[in-house]
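> Turn this into a structure:
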Amino acid sequence: MIPSNSTVVASIRLASLACGAPLCAVIALCGCSSDAAPEPEPTVLTPGAFVAVREDTGIALRRTLDTLNLQEGTRLVVTTHYAVTTTSFDEAREIAKGPEPPIERELAFDDEFQLLQREHRVVWFRTLTAEEEERVP
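Numbering: from 1, shown residues only. The predicted structure follows:
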């Protein structure tokens, strides 16, 4: 159970009475690790990244589920392909922000090198759901 703010404040006050000012100073300097550094930007290889890829018919939307390293340095990007094609990366971002689009292929294996050769952008990120994680073999 996570303590409430009032419980934390009361604990700090009690600690200051028992141990004095030096302990309070140490407690005050401690911050959450999430405050210390910004989250890294997702990449094509980040599970949960929505990747818009320019294809012959327009811009396709994919979702990275995982990566799979093969022999000789080949890496596959395990993705879900959505049954949507847009005309712009901004439109792909708006679709990715909404509810899950219709799925064209639930599980696909894209060669990382070939994927990166095409014009692409990570347009959105959301942590994978348990259902999406279960798609990965």
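> Identify the residues contacting the closest residue to Arg126 other than its chain neighbours.
Among residues not flanking Arg126 along the chain, Gly48 sits closest, at 5.6 Å (C-beta to C-beta, 6 or more residues apart in numbering). In this view, the C-beta of every residue, glycine as well, is placed from N, C-alpha and C. Neighbouring residues of Gly48 by C-beta atoms under 8 Å, 6 or more residues apart in numbering: Pro42, Arg63, Thr64, Phe125, Arg126, Thr127, Leu128.
> For those residues, which ChimeraX command selects only the ones that are buried?
For the buried members of the contacts of Gly48, the matching ChimeraX selection, counting by 16 or more other C-beta atoms under 10 Å, is:
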select :42,63,64,125,128
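> Okay, helices next: where are they in the protein?
With DSSP state H, the ranges of helices along the chain come out as 5-19, 21-29, 33-36, 89-97, 112-117, 130-134.
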